[in-house]
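*Asks:* Output the structure for:
(one chain, ligands or ions: 1)
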Amino acid sequence: MFLEKDTNTKMRAGWIEVICGSMFSGKTEELIRRLTRARIARQKVEIFKPQIDKRYSEEDVVSHNSNVIRSIPVQSASQILFYANEFDVIGIDEAQFFDEELMSVCNHLANNGVRVIVAGLDMDFQGNPFGPIPQLVAIAEYVTKVHAICMRCGNLAHYSHRTIDGEKLVMLGETESYEPLCRACYNHNKNKIHPGNE
Ligand code: ZN
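*Replies:* Sure thing, here's the model as predicted:
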């Protein structure tokens, strides 16, 4: 269990935290919780997200329970560096949509004293590792994997199962297109569609 690091040290050293998991696992809520606490402590906080995520609004990071924190949409991970000097804590939401460059950006920020908190999906809807998240998990000091609840059996879920057809990796839209499933229910469902595929 990750307990947040004591930041009250004289030497300004940064680090990387990753919050990962399936859809409906509360990643963004956890990101917002950490950023809000830092902001209350008068640390300078900013949050970035890829421009691709337009589900709710252009400039707000909105978790599913509608906590809102202003954010800066960026086209690429390197754009985050333009703003980096001004902040103590940088949050990056929906990080799975950035490319591998995000890893070096996060390392650069942390090496320069920034606390970097990255939230993102660790698997796509087919159960494959998603974008730069696996690499970020490897280089982070602290990793928190959060879980949803399986919609079919109530166990902990770590798959984001898509309930409609389509191969496209990035699909925007939420409750109507995805359901969190545990391993057993995910495999059971796959076998119903493709018998013998387990
Ligand atoms: Zn289940």
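*Asks:* Please identify the helix or strand for the residue most central in space within the chain.
*Replies:* The centre of the chain sits closest to residue 120, judged by CA atoms, centre = their mean, with a distance of 1.8 Å. Using DSSP states H and E, residue 120 falls within strand 115-121.
*Asks:* ok, that strand: who's next to it in the sheet?
*Replies:* For strand 115-121, the paired strands and their directions (DSSP bridges) read strand 15-21 (parallel), strand 89-92 (parallel).
*Asks:* Just give me how far the longest helix along the chain sits from the chain centre.
*Replies:* With DSSP state H applied, the helix covering the greatest number of residues in the chain is identified as helix 27-40. Its chain's average C-alpha position is 13 Å from that of helix 27-40, according to CA atoms, centre = their mean, to the nearest Å.
*Asks:* and if you look at stretch 128-143?
*Replies:* 10 Å.
*Asks:* First-to-last residue distance for it?
*Replies:* In terms of CA to CA, to the nearest Å, the two terminal residues of stretch 128-143 are separated by 19 Å.
*Asks:* Extract the C-alpha trace of the strand holding residue 120 and format it as CSV.
*Replies:* The C-alpha trace of strand 115-121 is given here as CSV (Å, rounded to 0.1, in the frame of the first residue of the first chain):
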residue,chain,number,x,y,z
ARG,A,115,6.3,15.5,-7.9
VAL,A,116,4.7,13.9,-11.0
ILE,A,117,1.4,12.0,-10.6
VAL,A,118,0.4,10.1,-13.6
ALA,A,119,-3.1,8.5,-14.0
GLY,A,120,-4.1,6.2,-16.8
LEU,A,121,-5.6,2.9,-18.1
